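Chemist: make a model of this:
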Amino acid sequence: MAEVVRMPKMSDTMTEGVVVKWHKKIGDKIKNGELVAEIETDKATMEFESYQEGTLLYIGIQEGKAAPVDSILAILGKEGEDYKPLLEQENAKSAPVATPEAPKPAAKSEAKPVAVASPQAEAPADKKEVSIPEPVAAASDNGVKASPLARKLAREKGIDLTKLKGSGDFGRVIKRDIEWFKPSSFVQSTGTLSGLTKESFEEVPVSQMRKTIARRLSESKFTAPHFYLTIDIDMDDCIRARESVNSVTEVKISFNDFVIKAVAAALKQHPNVNSAWLGDRIRYNHHVNIGVAVAVDEGLLVPVVRFADTKTLSQISVEVKDYAKKAKDKKLQPQDWEGNTFTISNLGMFNIEEFTAIINPPDACILAISAIKQVPVVKNGIVQPGNVMKVTLSCDHRVVDGVTGAKFLNTVKALLEHPVVLLGQGNI
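Modeler: Residues are numbered from 1 along each chain as shown. The predicted structure is shown next:
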């Protein structure tokens, strides 16, 4: 008997997903646990394995298309079985919701380029087109191998294919090469300067990740009453300590690793900061799970260093580097980004002198780390060069009061200004 396969909820914040790639086509037999499709959630692109068995009779969501959780992803059944009554029955349950049609040849209408949903797969170029594998094109008159769709987009955008390096099989130019191409000059191919005065723009669909970032941060900013505390930290001793540690260890420690370790230790001393507002109650966490904001092309991901207070600097460094690589490759799993009790956002590597961050729910606070700057400082009554880092704590005033946040910041300051405390007891 035919049965529906629904869009799975692959993370706690996922409301809809994008089918990046189908690994099965209509008529293929599917076994329990077999890879069926790749689905882009609000956090990452994840592999979807079927928990049902049968022949793939119907595909409800085409590659590159988004659909809400629990919508019809596919229909499985016996080979040749009539699935249309089941489809009509499902459509009747959700009449206001348009159901995607069965696969059909791409409509020959003018296509408008859109952003690639994921580097692992190519999204359809137009609403009226169905994503189909691009055939390998033979070399053209100019010797460039390119897919038909890539040639079409190149003509529309006025891009010379000889200027591109193909990323497809055997170096052929494919759709994403056209969409990622950045002209190196404002001068158009005609040799005129008209491109300098011509108004133009591009609109791209909002990714699942960006939708979630917008929703969650809007809720945080406009719901939680933020206030901010900034403090200067003398990093001279921390710089010397880092140089000493890196001279004797294989794992290279960053300043961010020192910050994570110091924050973890400070949270154990100030548990009121390691908390969350839950509406009718406040949760004070006994464990320390620190979320570390990692920048990716589409926004920010926040993988979590669990039990950070129990880990050495080397362990923290290895874990953060691994998370950063996974985040950029869109390979983070739900367990990697869930369960934070506090968050750190570091823009020091981008030479930012000071900034404020929006609290990452359900945390009560987030710490913004700026660059280490060499400035004049007064030590023992003498003005001399010093290395200072500004940090700003954003607090949810429903949970954390000013004095509580200030005491926490001063503890972080003391630990970073006296790193010998962090390096003691085998913490390297």
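
Chemist: and residue 391, how far from residue 295?
Modeler: 18 Å (C-beta to C-beta, to the nearest Å). The way it works is simple: take the backbone N, C-alpha and C, and place the C-beta from them, glycine included.

Chemist: so which of the two has more stuff around it?
Modeler: Between residue 391 and residue 295, counting by other C-beta atoms under 10 Å, residue 391 is the more crowded of the two (23 against 16).

Chemist: correct me, but that one touches residue 412?
Modeler: Yes: contact criterion C-beta atoms under 8 Å: residue 391 and residue 412 qualify, at 7.1 Å.

Chemist: list residues touching both of these two?
Modeler: Taking C-beta atoms under 8 Å, 6 or more residues apart in numbering as the contact criterion, the common neighbours of residue 391 and residue 412 are 233, 259, 367.

Chemist: for the second one, the count of nearby residues, please.
Modeler: To tie it back to what came earlier, the one meant is residue 259. Residue 259: 25 neighbours (other C-beta under 10 Å).

Chemist: apart from its chain neighbours, what residue comes closest to it?
Modeler: residue 369 (5.7 Å; C-beta to C-beta, 6 or more residues apart in numbering).

Chemist: for residue 375, give me the pLDDT.
Modeler: Note for residue 375: predicted pLDDT of 93.

Chemist: show me what contacts it?
Modeler: Contacts of residue 375 (C-beta under 8 Å, 6+ apart): 385-386, 388.

Chemist: what does residue 71 give?
Modeler: Counting by C-beta under 8 Å, 6+ apart, residue 71 makes contact with 6-7, 60-61, 97.

Chemist: could you do residue 324 as well?
Modeler: With the criterion set at C-beta under 8 Å, 6+ apart, residue 324 makes contact with residue 294.

Chemist: any idea how far residue 217 is from it?
Modeler: For residue 324 relative to residue 217 (C-beta to C-beta), the value is 21 Å.

Chemist: tell me the centre residue of the chain?
Modeler: The C-alpha lying nearest the average C-alpha coordinate of the chain belongs to residue 301 (C-alpha atoms, centre = their mean; 4.2 Å).

Chemist: residue 14 in helix, strand or coil?
Modeler: With DSSP: H, G, I helix; E, B strand; the rest coil as the basis, residue 14 sits in coil.

Chemist: just give the nearest non-adjacent residue to it, would you?
Modeler: residue 41 is the one closest to residue 14 (C-beta to C-beta, 6+ apart), at 4.7 Å.

Chemist: how confident was the prediction at residue 111?
Modeler: The model's pLDDT for residue 111 equals 40.

Chemist: point out where the stretch 151-300 of the chain drops to low pLDDT.
Modeler: 167-170, 176, 182-197, 298 (pLDDT under 70).

Chemist: let's go with 90 and repeat that
Modeler: For the stretch 151-300 of the chain, residues meeting the criterion pLDDT under 90 lie at 151-224, 248-250, 279-280, 294-300.

Chemist: and the helices in it, which stretches?
Modeler: Taking DSSP state H, counting those that start in this stretch to define them, one finds helices in the stretch 151-300 of the chain at 175-179, 208-223, 236-248, 255-269.
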